[in-house]
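J.: Build me a model from this:
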Amino acid sequence: MDISNCLLNLIENLFVVLSHINIYDLIFIDIETVPQFSSHEQLSGSMKELWEAKHSFLKNENERAEDSYLKRAGVYAEFAKIICISIAYFRIDKETKQRTFRIKSFSGNDEKILLEEFTQLANKNFDSDRFHFCGHNVREFDIPFICRRLLINQLKFPDMLDVSGKRPWEMFDVDTLQLWKFGDYKHYTSLKLLTEILGVPTPKVDIEGKDVCRVYWQENGLTRITEYCQRDVITVARLLLLFKGDRQPLNDEDVIVVK
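T.: Just a heads-up that it's a prediction; the model follows:
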């Protein structure tokens with residue numbers, strides 16, 4: 001079998017699997033991260049050296065390590081922290097019989113408390129044999145980042161993230177970026193671009209991903225960041241419904257934010 005046939009089979013299998021995914025068995029997830037400190041100067045001596053080593057691999061010759069810290073450290077779990085995790089799921093309202101989308105966010109300045117609360121809720125409410133995570137670039141960013149920060153904070157993994165003893169095909173998180181790649185390993189498409197070209201409605205935003213560090217460290221805008229994180233979760237859910245050919249829209253009035 002040649003490579004082109006392999007890719008065609010991969011795509012076919014991918015969407016056969018997608019057609020069998022029950023949206024009521026998915027936990028939609030998104031995280032927001034920032035550098036651990038508000039400036040490079042606050043790093044310890046050894047961490048400054050380690051950041052300089054990391055910076056040297058970024059190949060930005062016109063940028064000093066001191067200047068790149070706030071711009072880039074937030075995407076590396078070794079130098080960053082999670083300030084918000086938003087999760088959501090579909091359910092049928094018992095009274096109205098309408099489909100709703102419930103969102104719960106864990107946000108705060110103390111990452112350890114945030115992660116503990118997320119873990120407790122995941123273990124209490126979601127059976128790891130039934131539920132799977134869904135997000136945009138969730139396999140390469142959100143889930144690995146959460147796992148690394150759990151380990152750094154010396155916290156036990158929630159059952160849904162405990163992959164010990166599982167075979168690769170048993171770890172089935174749904175990633176809208178991977179679905180869009182169609183087997184292309186070198187292609188990246190942002191959620192914003194993907195929803196624009198596919199005509200997926202997105203909630204109005206006042207910030208973007210590149211603004212999160214500034215809004216957090218300079219403007220103390222954790223509430224705005226949490227709302228931004230929730231909007232991304234809603235957008236991913238709408239995108240997945242489109243991929244599945246689900247014609248029932250996810251309207252703003254269907255979204256319930258759980259305080």
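J.: okay, CA-based contacts and neighbour counts for the rest of this
T.: Will do.
J.: Give me the contact list for stretch 226-242.
T.: Here stretch 226-242 makes contact (C-alpha atoms under 8 Å, 6 or more residues apart in numbering) with 28-32, 84-88, 103, 105, 107, 135-136, 176, 191, 195, 200-203, 205-208, 247, 249-250.
J.: again, but for stretch 91-109
T.: With C-alpha under 8 Å, 6+ apart, stretch 91-109 has contacts from 24, 83-90, 114-115, 117-118, 222, 226, 230, 250, 254-259.
J.: Just the ones of these in helices?
T.: Using DSSP state H, 114-115, 117-118, 222, 226, 230 are the members of the contacts of stretch 91-109 that sit in helices.
J.: Narrow the contacts of stretch 91-109 to just the buried residues.
T.: 83-90, 114-115, 118, 222, 226, 230, 250, 255 (16 or more other C-alpha atoms under 10 Å).
J.: what's the residue nearest the centre of the chain in contact with, if anything?
T.: Centroid-nearest residue in the chain: residue 30, 3.1 Å away (criterion: C-alpha atoms, centre = their mean). By C-alpha under 8 Å, 6+ apart, residue 30 lies in contact with 85-87, 135-136, 138, 142, 229-230, 232-233.
J.: do the same with residue 147
T.: 157, 161.
J.: what's the helix or strand for it?
T.: helix 143-152 (DSSP states H and E).
J.: The helix or strand just after that helix: partners in the sheet, and parallel or antiparallel?
T.: Using DSSP H and E, the helix or strand that follows helix 143-152 towards the C-terminus is strand 174-175. With DSSP bridges as the test, strand 174-175 is paired with strand 132-135 (parallel).
J.: returning to what we had before: between the ones in helices among the contacts of stretch 91-109, which is nearest residue 42?
T.: Taking C-alpha to C-alpha as the measure, residue 42 sits nearest to residue 222 out of these, at 20.8 Å.
J.: In TSV: the ones in helices among the contacts of stretch 91-109, plus distance to residue 70 and pLDDT.
T.: TSV is the format used below for the ones in helices among the contacts of stretch 91-109 (distance: C-alpha to C-alpha, whole Å; pLDDT from 0 to 100):
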residue	distance to residue 70	pLDDT
114	22	97
115	23	98
117	27	97
118	26	97
222	17	97
226	20	97
230	23	97
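J.: so which of those comes closest to residue 68?
T.: After measuring the ones in helices among the contacts of stretch 91-109 against residue 68 - C-alpha to C-alpha - the closest member comes out as residue 222, at 22.3 Å.
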